[in-house]
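# Sequence unavailable; structure follows:
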């Protein structure tokens with residue numbers, strides 16, 4: 001992917017709703033914005049209820065005896081493939097090797113299977129230790145040495161390497177709701193920059209994408225080896241348009257690129273992903289990893305690589321190129337099909353960071369979230385309070401306590417250069433009452449209050465300090 005093709009997206013995080021490692025929180029947020037009851041618990045667990053139905057989640061997947069068993073089984077790549085093949089679904093041929101790995105046995109099986117092959121740990125995640133496209137016994141021996149003897153893997157899988165594209169297909173409600181194609185980490189030459197300069201430029205371009213910026217393209221032993229095999233080094237200058245691969249596996253966590261193909265993927269390929277979820281008893285939604293020879297053609301083979309009941313959301317919400325897909329809404333639709341967002345809810349949040357602090361400190365074992373305010377005459381004000389520097393801290397602290405007794409929401413900003421801002425949202429009558437209180441206290445402190453803005457802004461329920 002060229003740097004110019006990498007799209008920037010607004011970060012869905014807010015100062016009071018941090019999502020750096022918590023994109024799963026968009027699922028309970030969506031439920032809360034629909035007026036559903038939400039209770040948060042430690043370690044990314046939460047419950048959603050409409051009063052009749054109760055669903056408990058860990059991150060993006062359901063929990064419970066059946067669901068936990070499915071998740072554990074899905075970590076076993078060899079067992080998953082055997083189950084898929086038994087159900088008549090397409091999956092790469094292969095087998096597992098456990099315990100004291102006999103590399104000679106692995107090499108002999110590779111000859112039976114036929115090169116190229118893919119070597120990977122049976123239960124590791126995020127592309128760690130994956131060696132796709134091993135073309136001969138020499139390459140396989142080298143990969144085995146690194147995986148078994150250096151990384152200490154004692155449970156691995158050897159399977160057919162499927163040439164083509166790697167897709168993550170999210171299925172919910174019996175339909176495909178998002179498709180992301182992943183490309184191995186690479187740079188594209190411009191005829192004047194070195195490989196190192198191209199990597200630096202690409203990471204700069206990725207910084208505008210809230211998901212990709214967390215997974216920069218890095219140089220390591222694997223990428224240096226791939227460069228050497230291509231006759232290149234860090235100071236080489238690739239020609240204009242020359243694609244230089246730096247990774248074997250198509251994995252976003254290792255600096256890969258992502259393309260949204262939700263609208264263009266042929267229906268026949270989408271159906272394979274749906275069938276994979278349907279074939280797993282008790283599984284209702286999941287990310288299905290497919291390997292396809294050509295993502296534009298339904299007449300070419302497609303294979304199921306893995307099932308992920310707790311699939312991440314980043315690649316769908318922040319594609320490198322394409323249209324963001326609202327997978328959290330699809331998940332809530334799956335389990336609460338009659339629910340819908342409340343009017344005006346798009347800018348309302350619950351205070352995720354504050355709740356997490358309570359749970360991490362063990363000040364609470366669960367937090368039942370208050371309902372999102374239902375406003376008949378909503379009002380939004382940003383007020384500026386100016387006063388003498390030595391009076392501002394006391395005014396700010398006093399106002400926090402007083403405003404928490406009024407039915408308004410928002411935050412008191414930090415003190416900067418003789419003033420601080422107060423953001424208020426709620427029913428017009430309550431916001432006006434709060435503004436009168438703020439004006440009165442500002443004047444009493446020898447200062448003044450003025451309206452800085454009446455534009456709508458993102459807000460969490462309750463009042464808090466920024």
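Yes, it's here. Just so we're clear, the structure is a prediction, and the values are computed from it rather than from any experiment.

# can you map out the helices along the stretch 201-350 of the chain?
Remark: helices assigned in the stretch 201-350 of the chain by DSSP state H, counting those that start in this stretch are 221-229, 267-278, 314-317, 327-335.

# Adding mean pLDDT and distance to residue 354, write those helices out as CSV.
(Glycine included, C-beta is placed from N, CA and C.) Shown next, in CSV, are the helices of the stretch 201-350 of the chain (pLDDT from 0 to 100; distance: least, C-beta to C-beta, whole Å):
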stretch, mean pLDDT, distance to residue 354
helix 221-229, 91, 41
helix 267-278, 97, 36
helix 314-317, 96, 23
helix 327-335, 97, 21
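
# need the ones you listed in CSV with distance to residue 374 and mean neighbour count, can you?
Output for the helices of the stretch 201-350 of the chain, formatted as CSV (distance: least, C-beta to C-beta, whole Å; neighbours: other C-beta atoms under 10 Å):
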stretch, distance to residue 374, mean neighbour count
helix 221-229, 54, 14
helix 267-278, 36, 18
helix 314-317, 27, 24
helix 327-335, 19, 22
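
# show me what contacts the most centrally placed residue in the chain?
Centroid-nearest residue in the chain: residue 314, 2.7 Å away (criterion: C-alpha atoms, centre = their mean). By C-beta atoms under 8 Å, 6 or more residues apart in numbering, residue 314 lies in contact with 23, 210-211, 214, 252.

# Selecting buried members of these in PyMOL, what would you type?
Buried residues among those (16 or more other C-beta atoms under 10 Å), as a PyMOL selection:
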select buried, resi 23+210+211+252
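
# Which one of the contacts of residue 314 is nearest to residue 228?
Nearest to residue 228 out of the contacts of residue 314 is residue 252 (C-beta to C-beta; 24.6 Å).

# what's the longest helix anywhere in the chain packed up against?
The residue-count maximum for a helix in the chain (DSSP state H) belongs to helix 428-444. Contacts defined by 3 or more C-beta pairs under 8 Å, 6 or more residues apart in numbering; DSSP states H and E place helix 428-444 against strand 378-386, helix 392-403, strand 408-412, strand 419-427, strand 448-453.

# how far does that helix sit from the chain's center?
Relative to the mean C-alpha coordinate of its chain, helix 428-444 is positioned 41 Å out (C-alpha atoms, centre = their mean, to the nearest Å).

# Okay, angle between it and strand 378-386 too, please.
Orientation of helix 428-444 against strand 378-386 (axes from the mean of the first three to the mean of the last three C-alpha atoms, to 10 degrees) gives an angle of 10 degrees.

# Could I get the average pLDDT for helix 428-444?
For helix 428-444, the mean pLDDT works out to 96.

# and stretch 354-370, which residues are buried?
355-356, 358-359, 367, 369.

# average pLDDT across that stretch?
pLDDT averaged over stretch 354-370 gives 96.

# same check, this time on stretch 126-143
Here stretch 126-143 scores 90 as its mean pLDDT.

# Just the endpoints, please. Distance across it?
18 Å (C-alpha to C-alpha, to the nearest Å).

# Do you know the pLDDT at residue 1?
On the pLDDT scale, residue 1 gets 93.

# and what of the one 4 residues further on?
The predicted local distance difference test score for residue 5 is 96.

# So it sits against residue 322, correct?
No: assessed by C-beta atoms under 8 Å, residue 5 is found out of contact with residue 322, at 10.0 Å.

# any low-confidence regions in the stretch 51-200 of the chain?
Counting by pLDDT under 70, the stretch 51-200 of the chain contains no low-confidence segment.

# That one: strands as residue ranges?
For the stretch 51-200 of the chain, applying DSSP state E, counting those that start in this stretch gives strands covering 54-58, 61-62, 94-98, 117-121, 131-134, 155-160, 165-172, 175-183, 186-188.

# now those in a markdown table, with distance to residue 404 and mean neighbour count?
Output for the strands of the stretch 51-200 of the chain, formatted as a markdown table (distance: least, C-beta to C-beta, whole Å; neighbours: other C-beta under 10 Å):
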| stretch | distance to residue 404 | mean neighbour count |
| --- | --- | --- |
| strand 54-58 | 30 | 18 |
| strand 61-62 | 36 | 22 |
| strand 94-98 | 58 | 17 |
| strand 117-121 | 51 | 23 |
| strand 131-134 | 56 | 20 |
| strand 155-160 | 54 | 21 |
| strand 165-172 | 39 | 24 |
| strand 175-183 | 40 | 22 |
| strand 186-188 | 52 | 21 |
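
# Nearest to residue 410 among the ones you listed would be which one?
Short answer: strand 54-58, nearest of the strands of the stretch 51-200 of the chain by C-beta to C-beta, at 29.0 Å.

# which secondary structure elements does that closest one contact?
With contacts defined as 3+ C-beta pairs under 8 Å, 6+ apart, strand 54-58 has these neighbours: strand 45-49.

# and the strand it packs on, what does it pack onto?
Secondary elements touching strand 45-49 (3+ C-beta pairs under 8 Å, 6+ apart): helix 26-33, strand 37-41, strand 54-58.

# ok, and what's touching the second one?
What it means is strand 37-41. With C-beta under 8 Å, 6+ apart as the test, strand 37-41 has contacts from 28, 31-32, 46-51, 350, 355, 359, 365-369, 371.

# To residue 280, which of the strands of the stretch 51-200 of the chain lies closest?
Using C-beta to C-beta, those put strand 165-172 closest to residue 280, at 10.6 Å.

# Compute the inter-axis angle for the closest one and helix 267-278.
Computed by the same axes, to 10 degrees, the angle between strand 165-172 and helix 267-278 is 60 degrees.

# Note down every partner strand of strand 165-172 and its orientation.
Applying DSSP bridges, strand 165-172 is found paired with strand 175-183 (antiparallel), strand 286-292 (antiparallel).

# Let me have those strands in TSV, adding distance to residue 152 as columns.
What follows is the strands paired with strand 165-172, written out as TSV (distance: least, C-beta to C-beta, whole Å):
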stretch	distance to residue 152
strand 175-183	27
strand 286-292	25
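
# Compare the ones you listed and give me the one nearest residue 114.
Among these, the nearest to residue 114 by C-beta to C-beta is strand 286-292 (16.0 Å).
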